[in-house]
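J.: pasting the sequence and the predicted model now:
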Amino acid sequence: MACQASSCVLRFCLQVVEGYHQRGREDAGGMWKDNVSNFTAAGPRELPIQCYIRRDRATSTYFLHIGLTPSEFQSDKLLLAARKIRRATCTDFVISLKPDNFSRSSNTYFGKMRSNFLGTKFTIYDGQLPHGTKIKLDDRSSQITQSKQGSSKVSTQNYKVGTITYELNVLRSRGPRRMNCVMHAIPMSSIEKGGTAPTPTSFHNFSDKPIHSSASKVDDQALDFSSTSLANSIFPVKDSDEPLMLKNKPPRWHEQLQCWCLNFKGRVTVASVKNFQLAAAVEPSENVSADEQERVILQFGKIGKDIFTMDYSYPLSAFQAFAICLTSFDNKPACE
């Protein structure tokens, strides 16, 4: 059983790495579409995909690599990159397929994550729509255009797929940050026995159409997965599906080390307030096994200066896991 699980994870990793090399073979004006779903498809159930994030403080850039630990061949394993952009009332993390182009009008734009002013709430915007997901059209983005083939196409650039909230530490008590995630694009039923997670069927090249909106207007043009759909006929799902909710696993206080500890199984070696493990937040009425409730879906932690590990598994994708981990890099004075 262990060999089969390892083989499955290895095949998944090889597909992702091959996708990266295929992207590199495309010409500068081309769009890498064939294997982009590897970044937005749910990870394997059997074992986590082990990655690491490298932070460049000088440029406020974050690089997601696939692999156990950093090596001299970092560029061969680069999956996604993010650029931190501070604004007057919020912070944006723009996520791109390439580390040298973070323009939202570019065909390498993948998505973004935005914080509120206090750094306590973050919203994940995906650049493509997961297949089989119900959506709500905002009043300002409810236009559905007809393509030449006659099929409906939503005219927008961003899809709101997740919300991460950090609890305020009003009493300034010691301890790690406490966070909750609502993954609007993933149903809770995905972690039930026989459940499946929605995955994108294609990657839209948004550079095919001109973008005339300013940055603030583009932000308004976002589809919201969190409520009743106006397009259920296009993306049918069960009305009873609730979104997947994640919560951080509570650590234990280690008297000898005088710090809060989690069992990262050797993947995290430096104590940090940024370290976390996420598991499903399940209600008693949900049909989810005890083992599934205890399973770590995403873990993130420090292993060196500006180097962090990120291990994710089903039903999260590499993009979703990366976006969640990026929230740890924003300032949160009210949560510590």
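T.: Perfect, thanks for sending it. Numbers count the residues shown, from 1 in each chain.
J.: rest of the way, CA atoms for contacts and neighbours
T.: Fine.
J.: report the secondary structure state of the residue lying closest to Ser328 once chain neighbours are set aside.
T.: With sequence-adjacent residues excluded and distances taken as C-alpha to C-alpha, 6 or more residues apart in numbering, Ser328 is closest to Lys274, at 5.5 Å. In three-state terms, and counting by DSSP: H, G, I helix; E, B strand; the rest coil, Lys274 is coil.
J.: surely Lys274 and Thr327 touch.
T.: No. With contact defined as C-alpha atoms under 8 Å, Lys274 does not count as touching Thr327 (9.2 Å).
J.: who has more neighbours, these two?
T.: Thr327 (24 against 16; other C-alpha atoms under 10 Å).
J.: verify the stated contact: that one with Phe122.
T.: Yes. Using C-alpha under 8 Å, Thr327 is in contact with Phe122, at 7.0 Å.
J.: what do these two both touch?
T.: Shared contacts of Thr327 and Phe122 (C-alpha atoms under 8 Å, 6 or more residues apart in numbering): Ser115.
J.: what's the spacing between the residue nearest to Trp253 when sequence neighbours are not counted and Gln293?
T.: Of all residues not flanking Trp253 in the chain, Trp260 sits nearest, at 4.4 Å (C-alpha to C-alpha, 6+ apart). As for Trp260, its distance to Gln293 is 22 Å (criterion: C-alpha to C-alpha, to the nearest Å).
J.: just Gln320 next, same as before
T.: Counting by C-alpha to C-alpha, the gap from Gln320 to Gln293 is 19 Å.
J.: so between these two, which is more surrounded?
T.: Gln320 (24 against 15).
J.: for that one, helix, strand, or coil?
T.: Quick answer, by three-state DSSP: Gln320 is helix.
J.: list the contacts of it.
T.: Contacts of Gln320 by C-alpha under 8 Å, 6+ apart are 40, 124.
J.: pLDDT value on it, please?
T.: For Gln320, the pLDDT comes out at 96.
J.: ranges for the helices of the chain?
T.: Assigned by DSSP state H, the helices in the chain fall at 2-25, 37-40, 215-220, 290-294, 318-326.
J.: those: lowest mean pLDDT?
T.: Taking the mean pLDDT of the helices of the chain, helix 215-220 comes last: a mean of 43.
J.: low-confidence ranges in this protein?
T.: 1-38, 72-76, 128-157, 170-176, 199-240, 332-336 (pLDDT under 70).
J.: 50 instead, please
T.: 5, 17, 19-34, 135-156, 201-220, 225-237 (pLDDT under 50).
J.: next, the buried residues of stretch 241-256.
T.: 242-250 (16 or more other C-alpha atoms under 10 Å).
J.: and which of these is nearest Met310?
T.: Met310 lies nearest to Asn248 out of the buried residues of stretch 241-256, by C-alpha to C-alpha, at 14.4 Å.
J.: that closest one reaches Arg178, doesn't it?
T.: Yes. Between Asn248 and Arg178 there is a contact under C-alpha under 8 Å: 6.5 Å.
J.: picking that back up, keep only those of the buried residues of stretch 241-256 that are in strands.
T.: Using DSSP state E to define strands, the subset of the buried residues of stretch 241-256 located there is 243-248.
J.: turn those into CSV, including distance to His65.
T.: What follows is these, written out as CSV (distance: C-alpha to C-alpha, whole Å):
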residue, distance to His65
Pro243, 28
Leu244, 26
Met245, 26
Leu246, 24
Lys247, 25
Asn248, 23
